[in-house]
Structure formats: C-alpha cells, structure tokens
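Participant: Got a sequence here, can you build the structure:
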Amino acid sequence: MESMATFATSPMSSLVDAPVRYDLAASTTPALRVGDLVDPDALADMTLGYGSSPGDAELRALIGAEAGVDAGQVLLTVGAIEGMFLLAQDRLGPGDAVVLASPCFPPARSIPEGLGARVDVVAMRFGDGYRLPMDAVADALTPKTRLVSVASPQNPSGVRLTEGELHGLLTAVEERAPEAVVLVDETYRQSTYGNAPVPASAAALSPRVVTCGSVSKAHGAPGLRLGWLTTTDADLYERLRNAKHLTTIACSAPAEFLAVQLLRRSKEVLAPRAALLQRALTELQQWVRDQPVEFVRPDGGALCCLRLPRDRVPDAAVPDFYSRLAQNDARVAPGSWFGDEDRVFRLGFGHLPPAEFTEALARLADALLPDRGKSS
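Facilitator: Below is the predicted model:
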C-alpha cells in the first residue's frame, strides 16, 4: 500500500491537445462519423431542449439489457468520468477512504483526492501480470473505506478481473468495509478480440456493485461524451440522479439520440472492431519477439503494457527512449501517467489504420534500438 499526491495538470491532456502523426498512446478504436449512424438530415428536426436527469429511456433500456439490469438502474452521464465523479462525491469526504487498484485511469485517484478523501493504493505490478493482489486489498480495507475502485479490463494493461477475483473482492469488502461500494469500471468490457464473446457485466452481482461504461472506447464514439452508471441499489441511484440534476442537469440531446442509433447496431459496430483488434494484437505479439521489451498480453481493450527491461535499458536511458520516439513523430503513454514507473508504457493498438500501425511500430523499434542496422 502506498500514498499518492494530488494531481495538478494532467499530462494526459496532451492526448487531445497535442496530436502526433503516429499515436500509440491513444486507447480508442477508430472514431465513428455521424453518417455511419444516421442520415444527418435526421437531426434537422431535433428539438434542442433539456432531456431528463436519468437520460433517454430507450438508451437506458439498451444499456441495461446488455448489462443484465433494468433500464431504471442505468443513469446516463457525460462520459464515464462524470459517473466516477458523481459516485465519489456521494461516497467520499474528508476522513473517508477509498481503496484504489493501481495503475489506473488517473481520475480514479485525482477525483477522490480532490474531495479530501484518503486514497489507499494497492499496487498491481507488471511482473505479476497486473493481477489483483487479493491479500493486499483485504489488508487495505477498513471500516472507514467507503469506495473500492477497480477496472476490468484495466487501464492501462487491458487485464481483466476473473470471476473468482470479483467474488473474492466482494467478500472481503463485506467483511472488512461494510459501508463501502465497489466501482467496477467496465469501459473496455465490450472491446474484444476476434470471435471472443463479450464478458458478462458485474452490474447485477450485488447491490454493493456500481459499474461505469461509455461509448468512447469499444464503440469508437468519444466525441459523444456519453457514459453511464449502473446500480441495483435504489437509494444510491436516486442520490446519484439528483446529484447529476444539480450539476449537469441532463446529457446532450443530440448525443443521446446518436448513442441510441449506435447501440441499436452495437453488434454490427463491434464486430469489425474486434477483428481489427485481433489483427493488430497478433502483429504486436510478433513484433515484440524481436524487440528489447517485455509484454503483458491484454484480455480486452485496445491497449496493453510493455516494459523496458532493466538488464538492457539502464534507468538513465529511459528518458532518451521517449525523446527519440518524439523525434520520430510518435508516442506511447508513459507509466507515470497511470501511477506506474516510466520504464512501463501503455501502447494502444486499436486507433491507427493497419498500414499506419505497422509504421508506428517501426518508429517505436527505432526508438528502442536507434543503432540497429548501423555498421560499427
């Protein structure tokens, strides 16, 4: 268990504010266009009024049916990140504690810290395949723990929690932190490889479980800024709904409309993306064999973690690697963005078209071994 300082400006803002030609830091699949979902003329007669605080009924029904809960147990949010904020605000204040599995999506820790809560970090490590250390989680839980935060698949590694790990986590929370809820970030759950089935959601496992998700990653629609929370705890749902009403009021009406069109065709949209991810992951696994890197194979999502081995890359050479990669007009996501060491980096393999992905890997290889092919 370790402590973490409050974030200032997030270095991840460069992902949207400073584009590069060969972006291996991006964690999405290719972005959809409005015309992929609907004839743009269909938007012409849309009334731009307020929606409801729970969100569009059909959209919630589509999400609920896929997750195994009722439409009335789904709350639409402005991206999954608003859902994370609403839940943290409900659960946490000064003196409360959150147990956070790390590395993680940075707002998972910056939001609780901003609310004055104590963040008890449980480290998942590259060398252990980023498996959740159940004993360490249990040791971190106390009666002051109000929130336990995990992701499945995890960002940045793409490693998924097993069914046994989820049940073990819930048992430990019930025994040691009876006032806590468990947030399972499922943003990448529907991002699968090839013909693999989409894993079941944790949404219906227990009234103690809250899940969050969005159309940003697996479906390729981050510009809609449309996410959701699920909870089968009616009282918690009403508090979260009211908190949304008092902040953002409602989601964007055009975003909800387009998300309905998207999720009506979810299987049609996801299938070619699963094929793309499988092809890219296969290429990446073959590429890794010839490179001075270590690799944890992901279970899902358009992302994974690699590590510069200590026996081949001394500590002083790690910054040079990132500098060379920038000179190659390419980038990966340094581990420090997520609470890991910079020797570890996240690589996104679902964002670039195939030919550009191959070129990006070549540029990454050049940054790893800049003298390759040069005569001595």
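
Participant: residues in contact with E256?
Facilitator: 51, 55-56, 59, 76, 226 (Cβ atoms under 8 Å, 6 or more residues apart in numbering). Bear in mind the C-beta positions are built from the backbone N, C-alpha and C, glycine included.

Participant: at 10 Å what do you get?
Facilitator: With contact set as Cβ atoms under 10 Å, 6 or more residues apart in numbering, E256 has these partners: 51-52, 55-60, 76, 224, 226, 250.

Participant: Spell out for me the PyMOL command that would select the buried members of the residues you listed.
Facilitator: Command for PyMOL, covering only those of the contacts of E256 found buried under the criterion 16 or more other Cβ atoms under 10 Å:
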select buried, resi 51+55+56+59+60+76+224+226+250
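
Participant: Would you mind pointing out the helix or strand V148 falls in?
Facilitator: If you go by DSSP states H and E, V148 is part of strand 145-151.

Participant: Walking through this protein, point out its strands one by one.
Facilitator: 22-23, 74-77, 97-102, 118-123, 145-151, 181-185, 209-214, 227-231, 294-296, 303-307, 330-331, 333-334, 344-348 (DSSP state E).

Participant: can you redo the ones you listed as TSV with distance to P254?
Facilitator: Listed next are the strands of the chain as TSV, based on distance: least, Cβ to Cβ, whole Å:
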stretch	distance to P254
strand 22-23	27
strand 74-77	13
strand 97-102	34
strand 118-123	36
strand 145-151	29
strand 181-185	26
strand 209-214	16
strand 227-231	16
strand 294-296	39
strand 303-307	28
strand 330-331	32
strand 333-334	30
strand 344-348	27
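
Participant: Mean pLDDT added to these, as CSV?
Facilitator: Shown next, in CSV, are these (pLDDT from 0 to 100):
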stretch, mean pLDDT
strand 22-23, 96
strand 74-77, 98
strand 97-102, 97
strand 118-123, 97
strand 145-151, 98
strand 181-185, 98
strand 209-214, 98
strand 227-231, 98
strand 294-296, 97
strand 303-307, 98
strand 330-331, 96
strand 333-334, 96
strand 344-348, 97
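
Participant: Mind giving me the packing neighbours of the strand holding V148?
Facilitator: Packed against strand 145-151, as judged by 3 or more Cβ pairs under 10 Å, 6 or more residues apart in numbering; DSSP states H and E, are the following elements: helix 79-91, strand 97-102, helix 107-114, strand 118-123, helix 134-140, helix 163-176, strand 181-185, strand 209-214.

Participant: If anything else comes up later, I'll come back, but that's it for now.
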